[in-house]
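model this:
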Amino acid sequence: MTNLAFSIESTRFDENYRPLANSRITTNFANLARGEKRQENLRNTFTMIDGRFNELARLAHGHAEDGDPYTVELDIISVSVDIDGEGIRGAVPLIEVLQTTIVDRRSGERIPGIVGNNFSSYVRDYDFSIVLPAGKPADFGELHGNLFKAFLASDAYAQHFDKPPVICLSVSTSRTYSRTEVEHPILGVEYRQSDYSPTDAYFAKMGLSVRFFMPPGSVAPLAFYHLGDLLGEYTDLELAALISTMETFQKIYRPEIYTANSTAGASYQASLTNPDFSPTSIEYDREERSRLAVEQGKFAEEHFIEPHKAALEEWSTEFTAHQLDLQGERS
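Numbers count the residues shown, from 1 in each chain. Modelled structure (predicted):
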């Protein structure tokens, strides 16, 4: 039987951050931290995050506060995996997410936020950049989903995090979203989609459900991928840190959607060709990001998938069978 062991490393993401040699460099945070304006990019990004968080925190508290008393700290959580003790954990960072921490500047209190936020994965790069263009197989995304679910069930995750992750991404440009009557004080107005997007289906393989909300003051909904009760399991401040972080990244990465000069209506479809938007001053190379995804998919294929193909297939089959047994016991 194949055994997998997960390990976690944490790196502070601030204006002094420089991507590590083995970081997945297509991630939003790594892309911002390169080039001549790297420090200016990062400083402006954190200013945007803090400003948005304090705006949402005032809503959470239900009253105005002087100045911006809070700041949000971010740590990059890098997840590696070892297969049967072969010592490969340093070769491929399996998953990279962000951990938020809310800091009250007045008291110095540090409040843990949500882990997840952004989501990056070499195996996902492999699936979408290498596997999918050759034709979608029946088990597309299954290995990646099983690896993610196994990580959430691991001792490493339990030792570092108390709550399930929430991942916040842009809505799909190929789906139509309809406003509902559901409204949350921080998440905002809920939208429902016409049907699952490919990203939604891929995250479902990871065991994650999706809901769409347009937070107060936003111009378009965001996609929230989660386990359990999104509205009941997290505090307003935790959700505010999630929104302020990922809405900021989406404003930089997809300004046509998230800095649009008009707000999503009762029926909404996002567009990356929308000419009516106000871009941020932060430089972001979207073309490079797409190109690097292919390169890193090939890297995952060469250094992780192919060398360990038989072991990974055996492990994934056993993991799926175990999950089905557990579901049978619960029903």
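
State the pLDDT value of the residue sitting nearest the centre point of the chain.
Centroid check for the chain by Cα atoms, centre = their mean gives N118 as the closest residue, at 2.4 Å. Note on N118: pLDDT of 92.

Assign a three-state SS to it, would you?
With DSSP: H, G, I helix; E, B strand; the rest coil as the basis, N118 sits in strand.

pLDDT wise, what is the closest residue in space to it that isn't next to it in sequence at?
If you skip the residues right next to it in sequence, N118 has L98 as its closest partner in space, 4.9 Å away by Cβ to Cβ, 6 or more residues apart in numbering. Quick note: C-beta positions are derived from backbone N, CA and C, even for glycine. For L98, the model assigns a pLDDT of 94.

Begin at 58 from now on, thanks
Got it, first residue is 58 now, which makes that one L155.

residues touching L155, list them.
Counting by Cβ atoms under 8 Å, 6 or more residues apart in numbering, L155 makes contact with F70, F86, L131, D132, I133, I134, V172, G173, N174, N175, T302.

check contacts around the last one.
Yep, that's T302 we're talking about. Going by Cβ under 8 Å, 6+ apart, the list of residues near T302 reads I106, V129, L131, L155, T157, N174, N175, C225.

What separation do you get for the closest residue to P273 other than its chain neighbours and E304?
Using Cβ to Cβ, 6+ apart and skipping residues adjacent in sequence, the residue nearest P273 is G245, 5.2 Å away. In this view, G245 and E304 are 11 Å apart by Cβ to Cβ, to the nearest Å.

Check V172 too.
Here V172 is placed at a distance of 18 Å from E304 (Cβ to Cβ).

just E247 next, same as before
In this structure, E247 and E304 are 16 Å apart, going by Cβ to Cβ.

wait, what's in contact with the residue nearest to P273?
F270, M271, P272, P273, S275.

List the buried residues in the biggest helix by length in the chain.
With residue count as the measure and DSSP state H as the assignment, the chain has helix 95-118 as its longest helix. By neighbour count with 16 or more other Cβ atoms under 10 Å, helix 95-118 contains the buried residues 95, 98-99, 101-103, 105-107, 109-116.

mean confidence for the very next helix or strand once past that helix?
Next along the chain after helix 95-118, taking DSSP states H and E as the criterion, comes strand 127-140. Confidence over strand 127-140 (mean pLDDT, whole number) is 92.

relative orientation of the helix or strand that strand 127-140 is followed by and helix 95-118 in degrees?
The element immediately downstream of strand 127-140 (helix or strand, assigned by DSSP H and E) is strand 152-161. Our comparison of strand 152-161 with helix 95-118, counting by axes from the mean of the first three to the mean of the last three Cα atoms, to 10 degrees, yields an angle of 60 degrees.

so what strands line up beside strand 152-161?
For strand 152-161, the paired strands and their directions (DSSP bridges) are strand 127-140 (antiparallel), strand 167-178 (antiparallel).

Would you pull up how far the longest one lies from the middle of the chain?
A distance of 11 Å separates the C-alpha centroid of strand 127-140 from that of its chain, computed with Cα atoms, centre = their mean, to the nearest Å.

Need the CA coordinates for that strand. CSV is fine.
Extracted C-alpha coordinates of strand 127-140, given in CSV (Å, rounded to 0.1, in the frame of the first residue of the first chain):
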residue,chain,number,x,y,z
TYR,A,127,-6.7,46.9,11.6
THR,A,128,-4.1,45.4,9.3
VAL,A,129,-4.2,42.0,7.6
GLU,A,130,-1.1,39.9,7.6
LEU,A,131,-0.6,37.2,5.0
ASP,A,132,1.5,34.0,5.1
ILE,A,133,2.0,31.7,2.2
ILE,A,134,1.3,28.1,3.2
SER,A,135,3.3,25.7,1.0
VAL,A,136,2.2,22.0,1.2
SER,A,137,4.6,19.3,0.1
VAL,A,138,4.0,15.5,-0.1
ASP,A,139,6.3,12.6,0.3
ILE,A,140,5.5,9.2,-1.3
